[in-house]
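**Q** prediction below, plus the sequence it came from.
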Amino acid sequence: MKEFLNFINGEFVKSASGKTFEDRNPVDHSVIGLVHEAGKPEVDAAVAAAKAALKGDWGRLSVVERCKLLDALALEINRRFDDFLQAEIADTGKPHALASHVDIPRGAANFQVFTDTIKSMSTESFQMRTPDGKNALSYGVRVPRGVIAVICPWNLPLLLMTWKVGPALACGNTVVVKPSEETPATATLLGEVMNTVGMPKGVYNVVHGFGPNSAGEFLTTHPDVNGITFTGETRTGTAIMKAAADGIRPVSLELGGKNAAIVFADCDFQVAVDTVTRSCFENAGQVCLGTERVYVERPIFDKFVAALKAKAETMKPGLPFDKDTKIGPVISKEHQEKVLSYYDKAREEGATVVTGGGVPAMPDALKDGCWVQPTIWTGLPETAAVVTEEIFGPCCHISPFDAEDEVLAKVNANRYGLATSIYTQDIGRANRMAQQIEVGLCWINSWFLRDLRTPFGGSKQSGIGREGGVHSFEFYTELRNVMVKF
Ligand SMILES: NC(=O)C1=CN([C@@H]2O[C@H](COP(=O)(O)OP(=O)(O)OC[C@H]3O[C@@H](n4cnc5c(N)ncnc54)[C@H](O)[C@@H]3O)[C@@H](O)[C@H]2O)C=CC1
Ligand SMILES: O=C(O)/C=C/C=C(\O)C(=O)O
């Protein structure tokens with residue numbers, strides 16, 4: 001049986017308590033391996049190693065030397081592309097085409113973009129005359145924050161973890177990563193890669209476990225952790241923010257969403273249908289940026305619903321490596337139950353189920369997998385649970401609208417503010433809307449189009465802070481001002 005060990009100070013270590021938990025493949029619910037759960041002693045050791053590394057070889061490297069190591073990491077991830085791919089696919093069940101085009105390439109790119117960015121980073125300076133007629137120069141220096149706790153979810157495990165580890169290390173910090181209990185594999189594998197490229201011990205550490213009363217809580221409450229970056233549910237973000245209040249540690253939070261797509265009658269219809277299909281159903285709807293509310297201008301409402309239904313019905317569920325598989329399972333039995341409970345709720349609230357609404361028929365070998373059907377509803381009021389709450393499954397509700405102001409009010413009437421996409425050929429209207437929608441990210445005639453130099457994050461209850469390009473450095477460094485009189 002495969003074992004996933006904690007990675008502390010450059011070594012793979014078992015849990016001292018002997019506690020393990022199962023890592024299961026959501027395709028058929030088979031056990032992939034046993035994960036060694038970190039208790040307080042392992043978390044303490046990981047944080048101590050990370051703290052010591054700040055003052056060791058790592059702390060003495062120049063930016064260029066650090067970047068050389070990070071570039072080597074990116075190359076090594078690409079060299080071991082298939083190992084990462086196999087590990088990610090086993091943990092998540094996602095289709096090969098998706099993992100090989102999105103998850104693993106981004107794992108490498110998330111190091112490269114920050115080495116490119118940090119090498120040309122500047123800070124401000126000001127000169128002034130002092131009251132006694134001399135001069136004073138003030139200049140900024142960016143210093144690493146210290147030990148960063150990286151708490152990750154299961155939907156894009158390598159992508160979201162490296163999106164934080166990349167800039168944290170580029171800035172000279174050290175990290176302790178707590179991957180999701182559902183997806184321990186790629187964070188563990190990255191430990192091997194760290195050793196291969198000669199990363200100093202203690203720079204990258206991994207502790208496995210759960211949230212409350214486990215590795216997640218032990219890490220976020222640890223007094224020697226200097227900053228916490230988290231992607232996941234808003235409720236968990238709230239708990240982490242409370243933990244960070246003790247010791248006044250900064251947080252970067254990328255949280256949930258209830259993202260809308262707005263489709264105007266003048267859109268390029270095929271682009272809108274194809275892109276909304278992706279935004280609703282890609283990764284079985286388990287993308288924080290995914291669309292769960294679709295608003296379609298009334299003249300094309302019926303045509304759009306029919307087209308999206310036809311697309312949803314082509315989303316064949318199946319094994320990740322089958323060429324015709326278009327959708328994988330959701331991550332776990334627990335999450336399958338959550339998504340299906342929303343499918344029930346939609347029916348109870350009077351939705352018209354346009355397609356889906358249950359579990360697809362699967363061959364015997366996959367019957368125990370965590371499958372749910374791509375699902376579309378219409379006919380619900382804006383107050384319905386499936387129109388207001390994040391489901392994180394392959395589903396959406398479609399409503400008609402008549403006016404720009406009306407749809408704007410509906411889109412903004414939600415506690416989340418992560419992402420929106422707008423489909424129209426009227427570029428003036430698209431820009432006018434984009435500036436009024438209360439979100440961190442707005443796509444026009446596109447979705448999940450990523451330029452890694454741009455700010456990424458949510459407003460309202462979708463998060464705090466922006467990561468990406470130079471914006472990541474706001475969180476991963478402390479800006480110090482130096483004043484010199486001459
Ligand atoms: N990217 C996103 O926006 C994501 C949203 N979700 C949403 O969250 C729901 C629950 O999924 P989970 O994986 O349970 O998300 P979660 O937010 O509970 O967990 C994410 C990470 O936080 C850790 N964690 C949980 N409680 C913690 C605590 N008190 N202190 C420190 N760490 C803690 C978990 O172990 C995991 O590594 C999903 O059904 C989905 O709706 C889930 C994953 C990603
Ligand atoms: O492209 C990114 O950096 C992130 C994409 C997706 C998420 O953040 C998410 O699903 O949580």
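**A** Arrived safely. Ligands and ions are numbered 1, 2, ... in the order given.
**Q** contacts and neighbour counts: CA atoms only from here.
**A** Will do.
**Q** which parts of the helix or strand where residue 387 lies are buried?
**A** Taking DSSP states H and E as the criterion, residue 387 maps to helix 385-388. Buried residues in helix 385-388, defined by neighbour count with 16 or more other CA atoms under 10 Å: 386, 387, 388.
**Q** now, which of the residues you listed sits nearest residue 339?
**A** The closest of those to residue 339 turns out to be residue 386 (CA to CA; 10.1 Å).
**Q** return the residues of the protein in contact with ligand 2.
**A** Along the chain, the residues adjacent to ligand 2 under the rule CA under 6 Å from any ligand atom are 231, 287, 288, 289.
**Q** tell me the secondary structure at the second one.
**A** Okay, so that is residue 287. The three-state assignment at residue 287 reads coil, by DSSP: H, G, I helix; E, B strand; the rest coil.
**Q** ok, residue 272 - contacts?
**A** Counting by CA atoms under 8 Å, 6 or more residues apart in numbering, residue 272 touches 263, 423, 445.
**Q** who's in contact with the first one?
**A** For residue 263, the residues meeting the contact criterion (CA under 8 Å, 6+ apart) are 272, 294, 295, 296, 297, 422, 423, 424.
**Q** now render these as a markdown table, adding distance to ligand 1, secondary structure and pLDDT.
**A** Output for the contacts of residue 263, formatted as a markdown table (distance: CA to the nearest ligand atom, whole Å; DSSP: H, G, I helix; E, B strand; the rest coil; pLDDT from 0 to 100):
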| residue | distance to ligand 1 | secondary structure | pLDDT |
| --- | --- | --- | --- |
| 272 | 24 | helix | 98 |
| 294 | 18 | strand | 99 |
| 295 | 22 | strand | 99 |
| 296 | 25 | strand | 99 |
| 297 | 28 | strand | 98 |
| 422 | 21 | strand | 98 |
| 423 | 23 | strand | 98 |
| 424 | 27 | coil | 98 |
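**Q** and these, which are buried?
**A** If you count burial by 16+ other CA under 10 Å, the buried members of the contacts of residue 263 come out as 272, 294, 295, 296, 297, 422, 423, 424.
**Q** other residues contacting the one helix or strand residue 161 maps to?
**A** Assessed by DSSP H and E, residue 161 sits inside helix 157-170. Outside helix 157-170, the residues within contact range by CA under 8 Å, 6+ apart are 63, 66-67, 70, 88, 103-104, 106-108, 110-111, 114-115, 118, 148, 150-153, 174-175, 177, 179-180, 183, 186-187, 203, 229, 231, 472-473, 476.
**Q** downstream neighbour of it in the secondary structure list?
**A** Helices and strands here follow DSSP H and E; after helix 157-170, the next one along the chain is strand 174-178.
**Q** who does that following strand touch, helix- and strand-wise?
**A** Packed against strand 174-178 by the contact rule (3 or more CA pairs under 8 Å, 6 or more residues apart in numbering; DSSP states H and E) you find helix 40-54, strand 147-151, helix 157-170, strand 204-206.
**Q** could you chop the protein up by domain?
**A** Domain assignment of the chain by automatic domain parsing yields the ranges 2-255+462-485, 259-451.
**Q** distance from the longest one to the middle of the chain?
**A** So the one you mean is domain 2-255+462-485. Mean-position distance between domain 2-255+462-485 and its chain equals 13 Å (CA atoms, centre = their mean, to the nearest Å).
**Q** between the two ends of it, how far is it?
**A** One end of domain 2-255+462-485 sits 62 Å from the other (CA to CA, to the nearest Å).
**Q** does any part of it sit near ligand 1?
**A** Yes - against ligand 1, domain 2-255+462-485 shows contacts by CA under 6 Å from any ligand atom at 151-155, 178-181, 210-212, 216-217, 220, 231-233, 236, 239-240, 255.
**Q** so what touches the helix or strand residue 237 falls within?
**A** Per DSSP H and E: residue 237 is located in helix 234-245. The contact list for helix 234-245 (CA under 8 Å, 6+ apart) reads 220-221, 227-228, 230-231, 250-251, 253, 255-256, 461-463.
**Q** got JSON lines for the residues you listed, with secondary structure and pLDDT too?
**A** Shown next, in JSON lines, are the contacts of helix 234-245 (DSSP: H, G, I helix; E, B strand; the rest coil; pLDDT from 0 to 100):
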{"residue": "220", "secondary structure": "helix", "pLDDT": "98"}
{"residue": "221", "secondary structure": "coil", "pLDDT": "98"}
{"residue": "227", "secondary structure": "strand", "pLDDT": "98"}
{"residue": "228", "secondary structure": "strand", "pLDDT": "98"}
{"residue": "230", "secondary structure": "strand", "pLDDT": "98"}
{"residue": "231", "secondary structure": "strand", "pLDDT": "98"}
{"residue": "250", "secondary structure": "coil", "pLDDT": "98"}
{"residue": "251", "secondary structure": "strand", "pLDDT": "98"}
{"residue": "253", "secondary structure": "strand", "pLDDT": "98"}
{"residue": "255", "secondary structure": "coil", "pLDDT": "98"}
{"residue": "256", "secondary structure": "coil", "pLDDT": "97"}
{"residue": "461", "secondary structure": "coil", "pLDDT": "98"}
{"residue": "462", "secondary structure": "coil", "pLDDT": "98"}
{"residue": "463", "secondary structure": "strand", "pLDDT": "98"}
